[in-house]
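[1] This is a predicted model, with the sequence first.
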Amino acid sequence: MNIRKRGAALAVSSLVLATALGGCSIGGPTGQERADDLARQLENGGLGVHSAEAIYLSSFSGDLTVSVILEPDALQPGYSVSARTLGPILGVVARSAEDMRVGGVGFYAKEEGGIRISLKTAAEDLGIAEAVNGHSLSLSGERLESLANR
């Protein structure tokens, strides 16, 4: 009988560990459901985001990819964005990422016609110039924490 109890305890422990590593919590929203909620927050938050997509990548670190299409009024000449516009958007992303306990976020922005938006000047003004990776931002846990606290 003692062997059965140990076997049952081991099975339950394995299930809990597999669920946690898979990005899910028992009885709560999955990582992707939380990512979908983040996309809705960006679209409905009056931040200049026309549409958004957030993808939770199930892995040990649980990374997140966020792509937004900005409204024309949120853009500056030359298909760029200001820190005044980008800061609040990244604040929402960072707070959600912190709640989701993701290891990092890849952030991308385009205009409605599909042209990629330059994030370089805004990132420099926000003090995260090292996060610029071409036309995207690679936000590590430390950068996310600093953005979430703004």
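    Nice, thanks for sending it over. Residues are numbered from 1 along each chain as shown.

[2] Rank the helices and strands of the chain by mean pLDDT and give me the bottom one.
    When the helices and strands of the chain are scored by mean pLDDT, DSSP states H and E, helix 2-21 comes last with a mean of 46.

[3] ok, then the element right after that helix?
    helix 31-44 (DSSP states H and E).

[4] what does that following helix rub up against?
    For helix 31-44, contacts defined as Cβ atoms under 8 Å, 6 or more residues apart in numbering pick out 23-24, 29, 49-56, 58, 62, 64, 66, 68, 89, 92-93, 96, 99-100, 102. Just so you know, the C-beta spots here come from the backbone N, C-alpha and C atoms, and that holds for glycine as well.

[5] which of those residues count as buried?
    23-24, 49-50, 52-54, 56, 62, 64, 66, 68, 89, 92-93, 96, 100, 102 (16 or more other Cβ atoms under 10 Å).

[6] What's the local residue count around residue 46?
    For residue 46, the count of nearby residues is 7 (other Cβ atoms under 10 Å).

[7] Name the SS class of residue 99, please.
    With DSSP: H, G, I helix; E, B strand; the rest coil as the basis, residue 99 sits in helix.
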